[in-house]
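Engineer: A predicted structure for the sequence below; I have some questions about it.
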Amino acid sequence: MALDQNEDWMLEDDEDESLASGLIVRQPWKLLIVDDEPDVHRATVLALKNITYKGRGLEILHAYSGQQGFEVLGSNTDIALTILDVVMETDDAGLRLVKRIRDELGNQLVRIVLRTGQPGHAPEQQVVLEYDINDYKTKTELVANKIFTTVIASLRSFESLHALEKSSQGLAKILEGATNLYQLHSLKEFASGVLKQIGAILNLGEHGMLCAQSKSDQQCLEILAATGPFSSLLDGDMLPEDSHLLLALNTALKTKCSQSNYPYEILYIAGRNSYDFVVHFSPPWPLELVDRNLLDIFCERISAAMDNLYLYQQLRRSQEATVMALADLGEFRDQTTGDHVLRVQRLTDAIAGRLKAKNAFPDEMDNAFMEMVGMASILHDVGKVGTPDHILFKPGRLTPEEREIMNQHAPMGAQILARTVALVEGTTYLSLGAEIAAGHHEHFDGNGYPLGAKDYEIPLSARIVALVDVFDALLHKRPYKEPWPLEETMAYIRERSGTQFDPQVVSALDEVVAEGLLPLDLLQDPAD
């Protein structure tokens with residue numbers, strides 16, 4: 001249908017109209033005709049022929065009763081406009097459907113144009129005031145050029161409302177998503193989270209890829225996360241050097257600007273530290289302006305989150321370095337224990353993982369505990385820095401007096417760490433380390449030292465390391481003993497379940513051993 005010259009103004013704000021030309025086909029606007037007369041459907045389709053708005057044509061759906069119209073609208077939430085007859089199976093079927101659309105479906109976006117062949121049956125002023133509609137026409141009015149004006153005005157109104165709704169929902173998802181990303185502690189976890197959040201914001205699914213480029217080596221593009229058709233890139237596949245996608249990724253990094261050249265949608269995320277990042281995703285249609293604005297906001301949030309992740313990782317590394325330095329200080333004086341603390345760390349992690357899988361102690365085994373308890377366990381004997389050499393290195397059994405002095409390494413270790421623990425709130429390597437140093441010689445039945453604590457008065461971290469420390473010591477050579485076989489060691493541990501050791505921790509160790517999950521180096525003495 002040719003456009004009247006006087007109606008060209010209706011399309012003056014068409015942005016990206018050029019996208020309709022060439023190879024790109026944009027998603028059509030959905031329009032629903034609800035009328036019980038097939039001839040009206042045919043006439044309306046003919047009148048709507050060739051109408052396009054912003055490079056998008058019309059996809060016309062049909063319903064022949066109010067109930068059928070309700071069902072079509074319920075299963076197609078993206079319908080932009082419905083042209084709705086008033087009198088169908090009942091005299092007010094169309095009016096009832098308007099109420100159901102707004103109230104039952106909660107659809108405030110779809111534009112509704114009522115039309116009637118009996119204008120006196122439902123007075124126009126009354127209908128417009130009482131029902132949430134956009135226009136009210138007689139059937140003779142909605143033909144040829146008249147229907148063009150009505151459709152374009154309705155689509156423009158729908159587009160504006162849809163953009164506002166999409167912005168509101170998108171911003172909510174950005175705030176929610178960015179909060180979730182702040183909880184991720186590794187770069188690859190973070191990268192996967194970014195892909196998921198972009199998919200959620202735009203309802204695109206999760207197909208895409210996120211790459212990082214070191215600021216010191218701009219020739220290297222590292223793929224941190226990839227889904228869907230890009231998954232093979234994680235296995236070592238490479239993008240061809242002449243790939244349009246690779247060119248778009250490099251262009252975004254070079255210009256430090258996102259690229260929107262459908263289908264190569266690239267987000268550039270600036271990092272203030274060692275890396276810059278680019279994200280590619282595959283929308284089924286060219287992005288709308290509202291989508292791009294949402295993604296720009298998201299990129300700003302992600303950039304800040306990336307920086308926080310970097311600072312968090314630096315803090316974690318500095319804490320781990322501090323813990324390792326303290327552990328090395330203890331081992332420097334007592335080298336007869338070999339790699340004892342490292343073996344304790346690995347087995348502590350294994351037992352904690354088994355307890356977590358069994359949902360044991362759910363109130364205590366939070367994410368911080370699981371992340372830190374293994375590393376913290378290497379501080380269990382840090383108090384030995386204060387033990388005199390003639391006792392620490394004595395090859396034979398200790399006298400009762402010497403044993404009393406040796407036993408002071410537990411409270412001394414807790415005291416060494418206490419001042420640092422007081423400076424930082426929450427669970428840290430050092431707070432767990434202080435618990436372990438103080439309590440790893442307590443017994444479950446209360447017959448241990450230094451406090452004689454029992455049962456669950458002893459912190460979980462210390463109950464785990466109490467078992468691990470003895471287990472490893474029995475398996476390996478000491479100045480006062482030869483290594484024990486695994487079977488004898490396990491018999492000793494089981495015999496003291498409920499007295500020296502927490503029964504649930506013993507059970508977890510039993511399962512780790514039975515399932516062959518015991519780290520191999522725990523069974524190999526360096527002296528052998």
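Structural biologist: Thanks, I have it. Residues are numbered from 1 along each chain as shown.
Engineer: which residues in the stretch 201-350 of the chain form helices?
Structural biologist: Using DSSP state H, counting those that start in this stretch, the helices of the stretch 201-350 of the chain run over 244-255, 289-333, 340-357.
Engineer: Need the residues that contact the last one.
Structural biologist: Yep, that's helix 340-357 we're talking about. Contacts of helix 340-357 from elsewhere in the structure, counted by CB atoms under 8 Å, 6 or more residues apart in numbering, are 327, 330-331, 361, 365, 369-370, 373-375, 377-378, 380-381, 464-465, 467-469, 471-473, 476, 504-505, 508-509, 511-512, 517-519, 521-522. Using the backbone N, CA and C atoms, a C-beta is placed for each residue, glycine as well.
Engineer: mind saving the C-alpha coords of it as CSV?
Structural biologist: C-alpha atoms of helix 340-357 as CSV (Å, rounded to 0.1, in the frame of the first residue of the first chain):
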residue,chain,number,x,y,z
HIS,A,340,53.2,-32.2,57.7
VAL,A,341,51.3,-28.9,57.6
LEU,A,342,50.7,-29.1,53.8
ARG,A,343,49.3,-32.7,54.3
VAL,A,344,47.2,-31.5,57.1
GLN,A,345,45.8,-28.7,54.8
ARG,A,346,44.8,-31.2,52.1
LEU,A,347,43.2,-33.7,54.4
THR,A,348,41.4,-31.0,56.3
ASP,A,349,39.8,-29.8,53.0
ALA,A,350,38.9,-33.3,52.1
ILE,A,351,37.1,-34.0,55.4
ALA,A,352,35.4,-30.7,55.4
GLY,A,353,34.2,-31.4,51.9
ARG,A,354,32.8,-34.7,52.9
LEU,A,355,31.0,-33.2,56.0
LYS,A,356,29.5,-30.5,53.7
ALA,A,357,28.3,-33.2,51.3
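Engineer: Quick check: which ranges of the stretch 151-300 of the chain have low pLDDT?
Structural biologist: Applying pLDDT under 70 to the stretch 151-300 of the chain picks out residues 163-193, 195, 199-207, 215-218, 272-274, 284.
Engineer: next one: the stretch 401-528 of the chain
Structural biologist: 479-480, 519-528.
Engineer: What ranges does it have for its helices?
Structural biologist: In the stretch 401-528 of the chain, the segments counted as helices under DSSP H, counting those that start in this stretch are 409-422, 429-439, 460-475, 486-495, 503-514.
Engineer: list the buried ones in the fourth one?
Structural biologist: Read that as helix 486-495. Judged by neighbour count (16 or more other CB atoms under 10 Å), helix 486-495 contains these buried residues: 489, 490, 493.
Engineer: Throw the helices of the stretch 401-528 of the chain into JSON lines and include distance to residue 317, thanks.
Structural biologist: As requested, the helices of the stretch 401-528 of the chain are exported to JSON lines (distance: least, CB to CB, whole Å):
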{"stretch": "helix 409-422", "distance to residue 317": "17"}
{"stretch": "helix 429-439", "distance to residue 317": "11"}
{"stretch": "helix 460-475", "distance to residue 317": "22"}
{"stretch": "helix 486-495", "distance to residue 317": "35"}
{"stretch": "helix 503-514", "distance to residue 317": "28"}
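Engineer: deepest of those, which one?
Structural biologist: Highest mean neighbour count of the helices of the stretch 401-528 of the chain: helix 429-439, a mean of 27 (counted as mean count of other CB atoms under 10 Å).
Engineer: what separates residue 77 from residue 111, distance-wise?
Structural biologist: 14 Å (CB to CB, to the nearest Å).
Engineer: partner residues bridging the closest residue to residue 276 other than its chain neighbours?
Structural biologist: Distances taken as CB to CB, 6 or more residues apart in numbering put residue 213 closest to residue 276, at 5.3 Å, once the chain neighbours are dropped. Counting by DSSP bridges, residue 213 is bridged to residue 221, residue 276.
Engineer: Near residue 213, how many other residues are there?
Structural biologist: By other CB atoms under 10 Å, 22 other residues sit near residue 213.
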